[in-house]
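In: give me the fold of what follows.
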Amino acid sequence: MVRFNRFYRLIIWSVFIVLVACETSSVQKQNPDANDYTTTESGLKYKIIKPGSGRKPTPNSWVRVHYVGQHLNGVVFDTSYVKNKPLTIPLSAVIKGWVEGLQIMEEGAEFEFIVPASLAYGYRGVSVSDPDRTILPNETLKYTIEFLNIVDNPPSRIRLN
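Out: Have a look, this model is predicted:
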């Protein structure tokens, strides 16, 4: 009986250690290394992949960008590269993290952003039929944005394809 109890205690402790290791790994993925990123006052983290040399947008600008949106586990939930069609949109129509982040960038730049939920979709998240594209409530997201240019003569309305 004593051997039997020791055996089960050993199994329980082994499972516990594995679960703790998995949770630690998950937390590390959700909190990218602060040394790689600059953090703004709002909590937006960014890393310059390629510097730009053009103009910076204002909150009222229309911009043309290529982007990849990912969950912190690396699964892509949206991208403009699949259709090779950049997104042209007013900054006023995107999440707060994009508004803030794009104003840091110059035309031609490419940045990686870690966007906290408060600057993304917040407590609501975004629910869609494809689980990979669903954004959970309070989820931190990762975006890579290539800022192509400011649109000087924007269209009269937004066309989403």
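
In: what sits against the spatially most central residue of the chain?
Out: Residue closest to the average C-alpha location in the chain (CA atoms, centre = their mean): residue 142, at 1.8 Å. Counting by CB atoms under 8 Å, 6 or more residues apart in numbering, residue 142 touches 32, 69, 70, 71, 72, 112, 113, 114, 115. Just so you know, the C-beta spots here come from the backbone N, C-alpha and C atoms, and that holds for glycine as well.

In: which of those residues fall in strands?
Out: Assigned to strands by DSSP state E, the following of these qualify: 69, 70, 71, 112, 113, 114, 115.

In: isn't the fifth one up against residue 46?
Out: Yep, that's residue 113 we're talking about. Yes - taking contacts as CB atoms under 8 Å, residue 113 lies within contact range of residue 46: 5.1 Å.

In: where do the contact lists of the two overlap?
Out: residue 101.

In: just to be sure, the residue nearest to the centre of the chain is in a strand?
Out: Yes - using DSSP: H, G, I helix; E, B strand; the rest coil, the assignment for residue 142 is a strand.

In: need the pLDDT of it.
Out: Here the pLDDT value assigned to residue 142 is 99.

In: for residue 78, same thing?
Out: 96.

In: my guess is residue 112 meets residue 38, correct?
Out: No - between residue 112 and residue 38 there is no contact under CB under 8 Å: 10.9 Å.

In: nearest spatial neighbour of the residue nearest to the centre of the chain, chain-adjacent residues omitted?
Out: Leaving aside its sequence neighbours, residue 142 sits nearest to residue 70 (CB to CB, 6 or more residues apart in numbering; 4.5 Å).

In: give me the beta-bridge partners of that neighbour?
Out: Beta-bridge partners for residue 70, by DSSP bridges, are residue 76, residue 142.

In: domains in the protein, as residue ranges please.
Out: What automatic domain parsing lists as the domains of the chain is 1-30, 33-150.

In: distance to residue 156 for those - can I get that in TSV?
Out: Shown next, in TSV, are those (distance: least, CB to CB, whole Å):
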stretch	distance to residue 156
domain 1-30	41
domain 33-150	11
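
In: now flag whichever of the contacts of residue 142 is closest to residue 135.
Out: If you rank those by distance to residue 135 using CB to CB, residue 71 comes first, at 7.8 Å.

In: just give me the neighbour total for that closest one.
Out: For residue 71, the neighbour count with other CB atoms under 10 Å is 19.
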